[in-house]
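Please work out how this folds:
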Amino acid sequence: MTEQHGSPDGSHHGSPDGSPDESARQWREAAERGDLVLLDGFHALKHALRFGADVRVVVADDPDAVRALAAELAPDVAGEVGRLVRGGELRTLVNRVHPTGVAALAVRPDRAEGRARLDRQPRTAPVVVLDNPRNLGNVGAVVRLAAGFGATGVVTRGDLDPWHPNVVRAGAGLHYATTVDRVELDALPAGPLYALDPEGEDIRALTLPDDALLAFGSERHGISPELRERADHLVSLPMRPQVSSYNLATSVAMTLFHWGGPKVMPRD
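Residues are numbered from 1 along each chain as shown. This is a model prediction of the structure:
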């Protein structure tokens, strides 16, 4: 990708927003790289910047409106948003324009570095394992939960790409706040495997360790036989009789809340 035109301090020469044609050219050149992630909407951009994403191109229908939104909702990254955003016709660059009128392309985190974080011992927070998930939006919601709870990461088994644009959209850019990857069963990170299953022990009787792998199956089929066989513990969530199942993200939220969530920092 060619570098954006600008001064060493990151400001742009000429018009701060650039021309729509120039914005489109930069976007298309960046998209050709193949290793960039679509950040769809302001909240995805905001979170990605907060957690260190290498954002290469930001295009908005109305850059001034996006700058105002950043000043109101995310003053901590408003300066970065202001420097990066350029004017352009989003409808020519993305399939669906987000209501906030902005989209960006950012470098996907290095997989080797992510794997090292998953494998680091001792772990201070669990890894969420999604066993053959099917719904892109649900996976994004789980990533958002994992980031909020401070989980070490979210790994998926199966053919669903956890970095699919619809997953990133549902995760509001919080893929950059945790580690997200797809793994095979024999490549799961180390740690005791707690698999959620209706026949398992009631979670309220258990203490989930910080280094746990918390595995969740699909809503329709549950955990796969091979993962069930691999599990060290089967765990069930309290549920009223005749209720079939919880939504995947709800199950993950209940389990992470039972684990304990992010450590409370003492106030000054």
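
When you work out contacts or count neighbours from here on, use the C-alpha atoms and nothing else.
Will do.

Look up how far residue 232 lies from the residue lying closest to residue 20 once chain neighbours are set aside.
Of all residues not flanking residue 20 in the chain, residue 88 sits nearest, at 4.1 Å (CA to CA, 6 or more residues apart in numbering). Separation of residue 88 from residue 232 (CA to CA, to the nearest Å) stands at 53 Å.

separation between residue 133 and residue 251?
13 Å.

Neighbour count for those two, which is higher?
When residue 133 and residue 251 are compared for neighbours, residue 133 comes out ahead with 25 against 18, by other CA atoms under 10 Å.

Show the model's pLDDT score for the more buried one.
On pLDDT, residue 133 comes in at 94.

So it, which state does it fall into?
Classification of residue 133 by DSSP: H, G, I helix; E, B strand; the rest coil places it in coil.

quick one: contacts for it?
By CA atoms under 8 Å, 6 or more residues apart in numbering, residue 133 lies in contact with 139, 156, 157, 158, 160, 217, 218.

what about the third one, how many neighbours?
Pointing back at residue 157 there. 20.

So what does it look like in phi/psi?
Dihedral pair for residue 157: phi -110, psi 140, per degrees, to the nearest 10.

gap between it and residue 19?
Residue 157 is 43 Å from residue 19, where distance means CA to CA.

Same question for the second one.
For residue 156, the distance to residue 19 under the criterion CA to CA works out to 41 Å.

higher neighbour count, those two?
Neighbours were counted for residue 156 and for residue 19 using other CA under 10 Å; residue 156 has more, 24 against 14.

got a list of contacts for the one helix or strand the more buried one maps to?
Element membership for residue 156, per DSSP states H and E: strand 153-157. By CA under 8 Å, 6+ apart, the residues outside strand 153-157 that reach it are 118, 126-133, 142-143, 146-147, 162, 178-185.

Put the buried members of the residues you listed into a ChimeraX selection.
Command for ChimeraX that selects the buried part of the contacts of strand 153-157, burial taken from 16 or more other CA atoms under 10 Å:
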select :118,126,127,128,129,130,131,132,133,142,143,146,147,162,178,179,180,181,182
